[in-house]
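>>> based on what follows, work out the 3D shape:
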Amino acid sequence: MSFYNIVVKHALRNALIAPFTVIMLQIPWLLNGVVIVETLFNYKGFGWTLVQAAGNNDIELLLGCYVVAVIVVLVTQLISDIGYVFLNPRIRIS
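Numbers count the residues shown, from 1 in each chain. Reported below is the predicted structural model:
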């Protein structure tokens, strides 16, 4: 076997499982951290909209922001589950 086959097909695929898990779990945290950063630095974005909606008791806009946040979490978890199939050959989609 060549060095490329050993490293890429065997070692790298098994070594990427843990970092892939951590990266996929951190993406929703980045969305939540945007609220703090945009509030501190007065940027206009998703976090600022969420804070203004909470301050103005705009329930519909708050619900819309939460729906977007939940969709981001679900999509990252779906990407994570699909990525596991490619990284770990023992996991199968049935």
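
>>> ok, now which ones touch the closest residue to Arg13 other than its chain neighbours?
Nearest residue to Arg13, sequence neighbours excluded (CB to CB, 6 or more residues apart in numbering): Leu87, at 5.3 Å. Bear in mind the C-beta positions are built from the backbone N, C-alpha and C, glycine included. Residues near Leu87 by CB atoms under 8 Å, 6 or more residues apart in numbering: Arg13, Asn14, Leu16, Ile17, Phe20.

>>> try Ile91
Ile91 neighbours (CB under 8 Å, 6+ apart): Tyr84, Val85.

>>> is it in a helix, a strand, or coil?
Under DSSP: H, G, I helix; E, B strand; the rest coil, the three-state class of Ile91 is coil.

>>> for the one helix or strand Leu74 maps to, buried residues please.
Per DSSP states H and E: Leu74 is located in helix 59-87. Neighbour-count burial for helix 59-87, counted by 16 or more other CB atoms under 10 Å, picks out Cys65, Ala69, Val72, Val73, Thr76, Gly83, Tyr84, Leu87.

>>> with distance to Leu31 added, can I get the residues you listed in CSV?
Putting these into CSV (distance: CB to CB, whole Å) gives the following:
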residue, distance to Leu31
Cys65, 10
Ala69, 6
Val72, 5
Val73, 8
Thr76, 9
Gly83, 19
Tyr84, 22
Leu87, 24
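
>>> would JSON lines of those residues with pLDDT and distance to Tyr4 be doable?
As requested, the buried residues of helix 59-87 are exported to JSON lines (pLDDT from 0 to 100; distance: CB to CB, whole Å):
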{"residue": "Cys65", "pLDDT": "91", "distance to Tyr4": "46"}
{"residue": "Ala69", "pLDDT": "90", "distance to Tyr4": "41"}
{"residue": "Val72", "pLDDT": "90", "distance to Tyr4": "36"}
{"residue": "Val73", "pLDDT": "91", "distance to Tyr4": "36"}
{"residue": "Thr76", "pLDDT": "92", "distance to Tyr4": "30"}
{"residue": "Gly83", "pLDDT": "88", "distance to Tyr4": "21"}
{"residue": "Tyr84", "pLDDT": "85", "distance to Tyr4": "23"}
{"residue": "Leu87", "pLDDT": "82", "distance to Tyr4": "17"}
